[in-house]
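**Student:** Need the 3D shape of this:
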Amino acid sequence: MNNKKTYNGSCFCGAVKFTLSSDPALMAYCHCESCRHWSAGPVSAFTLWKPETVHITQGADSIASYNKTPGSARKWCKECGGHLFTEHPDMALTDVPAAVIPDFPFEPVLHVNYQEAVLRMKDGLPKMKDLPAEAGGSGVTLPE
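**Tutor:** Below is the predicted model:
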């Protein structure tokens, strides 16, 4: 993507609003247990952004945070419980669930942590066992 459009997102109730001022670094699906549990779904559709491109425009005082691991800070709205994003400082990226960016054209390029999948998806995209080698994973792909 090279259109450099600004995208708007919000929590479930709209108390917290944000903009994304660039194109994402990556769009994909994650099948790991943590993402499935956090999203309350069988798969998580995510977008990764450079942190400096994520701007809170309303409701910063309504954001709560939880660190299950030192490498991830999950953020949500204290008013409605709606998910907002997950900061990954070690990767210098912020994960924004595709579902909280209503006008964003989500175009995933791969699946990660497919070895943990509970919902198999036959969509022709690469299925990574864990993560790409560039992201510290094995780089192994699995059959669809």
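**Student:** What is the neighbour count of the spatially closest residue to residue 70 that is not a sequence neighbour?
**Tutor:** Here the nearest residue to residue 70 in space, its sequence neighbours aside, is residue 90; by C-beta to C-beta, 6 or more residues apart in numbering that works out to 7.9 Å. Every residue, glycine included, has its C-beta placed from N, CA and C. Applying other C-beta atoms under 10 Å, we find 11 residues neighbouring residue 90.
**Student:** which SS class is residue 90?
**Tutor:** coil (DSSP: H, G, I helix; E, B strand; the rest coil).
**Student:** Ok, residue 45 next?
**Tutor:** On the basis of three-state DSSP, residue 45 is classed as strand.
**Student:** my guess is it meets residue 108, correct?
**Tutor:** Yes - with contact defined as C-beta atoms under 8 Å, residue 45 counts as touching residue 108 (6.8 Å).
**Student:** overlap in contacts of the two?
**Tutor:** Residues touching both residue 45 and residue 108 (C-beta atoms under 8 Å, 6 or more residues apart in numbering) are 27-29.
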